[in-house]
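Kindly return the folded structure for what I paste below:
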Amino acid sequence: MSKTEIFLKSLDKYEISFLYKYKYDEYLQETQRKIILIIKEFELNEEIINSLVNERLRQNHLEVENISCKRCKSQKLFYYQEEVINENTQMVLLDKENYSGNMPKQLVYECGVCGLKSDNKIIKTNNYIKDISDKTIRWIIIVVIIIISIFVRFYFS
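Numbers count the residues shown, from 1 in each chain. Next up, the predicted model:
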C-alpha cells in the first residue's frame, strides 16, 4: 500500500469531504479514483459532503483539542519554514552588494486535508501552537510598559 493510500484510508468522513471539496483537483487521476472509492465507502454524495463541510466550518476552532487546522479541524498538518518576503526583505534583495543570503523565516503549517496555509505568526509552546496577531502583540507590549512604569514610579518615589 502506498503512502497516499495509507493517508487516504486514515481520513474520517469529515476529512475526506474537505479533501474532496478543496484539494480533489490537485491530485492525479489515479488518486482521484481512489478518493471517489473512499467517498463511496462512506456512502457520501455531493449533498452530504457539502453538509459535512458546512457543519465542520461552523464548529468553533477552540472546541477541537490539540493542534488542528482552522478550516477543517483536522490534525493532519505539516510544518515548514518559509522565507518572509515583505517590503524590508524586498529592499534587501535589491541591494545585491550587501545581501548576505540569509532571509528571515517563519514557521508555517499547511493542512494535509484541505490545503489551508497558516497566515499568522506561529508561536510553538509546550504541546500546541497558538496564532498571535500583531494587534495582540502590540497590546501585550503596551501593558508591559504600563506595568513597568507603575513599578518604577512607586519604587523610586
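
Mean pLDDT per helix and strand in the protein: which one sits at the bottom?
Confidence across the helices and strands of the chain bottoms out at strand 121-124, with a mean of 43, counting by mean pLDDT, DSSP states H and E.

what about the longest helix in this protein?
Counting residues, the longest helix found in the chain (DSSP state H) is helix 134-156.

CA atoms only for it - export them in PDB, please.
Output in PDB follows, covering the C-alpha atoms of helix 134-156 (Å, rounded to 0.1, in the frame of the first residue of the first chain):
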ATOM      1  CA  ASP A 134       0.300  41.800  15.500                       C
ATOM      2  CA  LYS A 135      -2.500  43.600  17.300                       C
ATOM      3  CA  THR A 136      -2.300  41.200  20.300                       C
ATOM      4  CA  ILE A 137       1.500  41.600  20.400                       C
ATOM      5  CA  ARG A 138       1.100  45.400  20.500                       C
ATOM      6  CA  TRP A 139      -1.400  45.200  23.400                       C
ATOM      7  CA  ILE A 140       0.900  42.900  25.400                       C
ATOM      8  CA  ILE A 141       3.800  45.400  24.900                       C
ATOM      9  CA  ILE A 142       1.700  48.300  26.000                       C
ATOM     10  CA  VAL A 143       0.500  46.500  29.100                       C
ATOM     11  CA  VAL A 144       4.100  45.500  30.000                       C
ATOM     12  CA  ILE A 145       5.300  49.100  29.500                       C
ATOM     13  CA  ILE A 146       2.500  50.400  31.800                       C
ATOM     14  CA  ILE A 147       3.300  47.900  34.500                       C
ATOM     15  CA  ILE A 148       7.000  48.700  34.400                       C
ATOM     16  CA  SER A 149       6.300  52.500  34.500                       C
ATOM     17  CA  ILE A 150       4.000  52.000  37.500                       C
ATOM     18  CA  PHE A 151       6.600  49.800  39.200                       C
ATOM     19  CA  VAL A 152       9.400  52.400  38.600                       C
ATOM     20  CA  ARG A 153       7.200  55.300  39.800                       C
ATOM     21  CA  PHE A 154       6.400  53.600  43.100                       C
ATOM     22  CA  TYR A 155       9.900  52.100  43.600                       C
ATOM     23  CA  PHE A 156      11.700  55.400  43.100                       C
END
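
how about that helix: buried residues?
The neighbour-count check on helix 134-156 (16 or more other Cβ atoms under 10 Å) flags nothing as buried. Any C-beta I mention is one placed from the backbone N, CA and C, and that applies to glycine too.

Check stretch 30-43 too.
Those would be Thr31, Lys34, Ile35, Ile38, Ile39, Phe42, for stretch 30-43 by 16+ other Cβ under 10 Å.
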